[in-house]
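**Student:** Give me a model of this one.
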Amino acid sequence: MYRRVLQCAARSASVAGPACRVSARCSNLEKQEACISRGLVACQLVDSPSWTQWRTLHRTRELSTVKETPQTTEEEVGAFTKLIEAMGFTGPLKYNKWKIKIAALRMYTCCVERVNYDEFFEKCSLPDTLNSWFLVAELHVWMCLVRMRQEGRAGKYMCRYLVHSMWEDVEQRSKIMGIDAVERKESMKVMTETFYAALFGYDEGILSHDRVLAAALWRILFNRQCEDPQQLELMVQYVRKQMQYIDSLDGEDLLLTGEVNWRPLVEENAQSILKVSTPTYNDAGL
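**Tutor:** Residues are numbered from 1 along each chain as shown. Just a heads-up that it's a prediction; the model follows:
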């Protein structure tokens, strides 16, 4: 008896199933037609004169002509060079490594011998100490590092020996001053931490507003002891014009000679960029 009831229920379900699906499809079609009709009405509103005027003002196919600054392309190296550099060695460079080392030593000499430190001590009210000398020297070394990083792998190799020459000079000066070995070791440790912290601070300042650069100079160079805003203004202008000047120097000449003639701290008629004379060098890089 229950079989007949189940058979009747199955037949009714088989007949009602397609009917339900058909009705569901019809309802979906009705919804789609309603959406299409609403879209057509919206398109008619958009095609009205007021909407067309708004659309022409805010939608255009013309591309804005923005001049982008040319970026230095990364030097292509082979798989072997990448392997040996991953192991800590330096692969073949565009120029002779010995020439780059000599140029790095010359560039550091320019940071030491061609800068009037007495003028910095006077204009910035800095004490005449080894630490003050180091703070002024690291500022100029940092500017050279920023410039040489733009010269690819050879420039980075030169930066390494530029910093190496600086630490050797600092150690020799501390020995000449008669500083004890234990105290000299502690001082070198503090100077090392200060130097690498200064690199980040100056990098942020040169890429940001003058207020950020002034804060970095106040924190690093003046050791948070500057109360004269004119001194900060003088140093901000000095860093900006020196970076503009050193960027105008030819990268190949810097890699082979390392010659940098710094602009003076105070200039009466400072120009935007000074035209520099091209240095001469022989095949040996001397």
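
**Student:** contacts and neighbour counts: CA atoms only from here.
**Tutor:** OK.

**Student:** Now for residue 189, how many residues are close by?
**Tutor:** Residue neighbour count, defined by other CA atoms under 10 Å, stands at 12 for residue 189.

**Student:** and it, which of the three is it?
**Tutor:** helix (DSSP: H, G, I helix; E, B strand; the rest coil).

**Student:** dump the residue contacts of residue 161.
**Tutor:** Residue 161 makes contact with 101, 104, 105, according to CA atoms under 8 Å, 6 or more residues apart in numbering.

**Student:** Likewise for residue 157?
**Tutor:** With contact taken as CA under 8 Å, 6+ apart, residue 157 is in contact with residue 100.

**Student:** now do 10 Å
**Tutor:** 90, 93, 97, 100, 101, 104, 148, 149, 151, 255 (CA atoms under 10 Å, 6 or more residues apart in numbering).

**Student:** In helices, which of the contacts of residue 161 appear?
**Tutor:** Secondary structure from DSSP state H places 101, 104, 105 of those in helices.

**Student:** Out of those, show me where the pLDDT dips lowest.
**Tutor:** When the ones in helices among the contacts of residue 161 are compared by pLDDT, residue 101 scores lowest at 91.

**Student:** what's around it, how many residues?
**Tutor:** Per other CA under 10 Å, the neighbour tally for residue 101 reads 22.

**Student:** Which helix or strand in this protein has the lowest average pLDDT?
**Tutor:** helix 49-58 (a mean of 39; mean pLDDT, DSSP states H and E).

**Student:** so what's residue 180 scoring on pLDDT?
**Tutor:** Predicted confidence (pLDDT) for residue 180: 88.

**Student:** Within the helices and strands, which one has the spatially closest residue to residue 221 that is not a sequence neighbour?
**Tutor:** Nearest residue to residue 221, sequence neighbours excluded (CA to CA, 6 or more residues apart in numbering): residue 135, at 5.7 Å. Using DSSP states H and E, residue 135 falls within helix 130-148.

**Student:** which helices and strands does that helix pack with?
**Tutor:** helix 97-113, helix 117-123, helix 152-176, helix 181-206, helix 210-220, helix 229-247, helix 251-256 (3 or more CA pairs under 10 Å, 6 or more residues apart in numbering; DSSP states H and E).

**Student:** What residues of stretch 246-264 count as buried?
**Tutor:** 246-247, 249, 251, 253-260, 262-263 (16 or more other CA atoms under 10 Å).

**Student:** How far does it stretch from one end to the other?
**Tutor:** 13 Å (CA to CA, to the nearest Å).

**Student:** Averaged pLDDT, that stretch. What do you get?
**Tutor:** 92.

**Student:** what does stretch 226-240 give?
**Tutor:** In this model, stretch 226-240 has a mean pLDDT of 93.

**Student:** Return the set of buried residues in it.
**Tutor:** Buried residues in stretch 226-240, counting neighbours by 16+ other CA under 10 Å, are found at 226, 231, 232, 235, 236, 238, 239.

**Student:** which one of those sits closest to residue 197?
**Tutor:** Residue 197 has its nearest neighbour among the buried residues of stretch 226-240 in residue 239, at 17.6 Å by CA to CA.

**Student:** Let me have the contacts of residue 161 in CSV, adding distance to residue 189 as columns.
**Tutor:** Formatted as CSV, the contacts of residue 161 follow (distance: CA to CA, whole Å):
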residue, distance to residue 189
101, 25
104, 23
105, 22
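
**Student:** List just the nearest of the residues you listed to residue 204.
**Tutor:** residue 104 (24.4 Å).

**Student:** which residues does that closest one contact?
**Tutor:** 98, 110, 144, 148, 155, 157-165, 254-259.

**Student:** what about residue 131, distance to residue 170?
**Tutor:** Distance from residue 131 to residue 170, counting by CA to CA: 10 Å.

**Student:** who are the neighbours in contact with residue 198?
**Tutor:** With contacts defined as CA under 10 Å, 6+ apart, the neighbours of residue 198 are 135, 138, 139, 142, 192, 204, 216, 217, 219, 220, 221.

**Student:** if we go to 7 Å?
**Tutor:** residue 220 (CA atoms under 7 Å, 6 or more residues apart in numbering).

**Student:** repeat for residue 151
**Tutor:** Neighbouring residues of residue 151 by CA under 7 Å, 6+ apart: residue 251.

**Student:** one step back: distance of the residue nearest to residue 221 from residue 112?
**Tutor:** Counting by CA to CA - residue 135 and residue 112 are separated by 12 Å.
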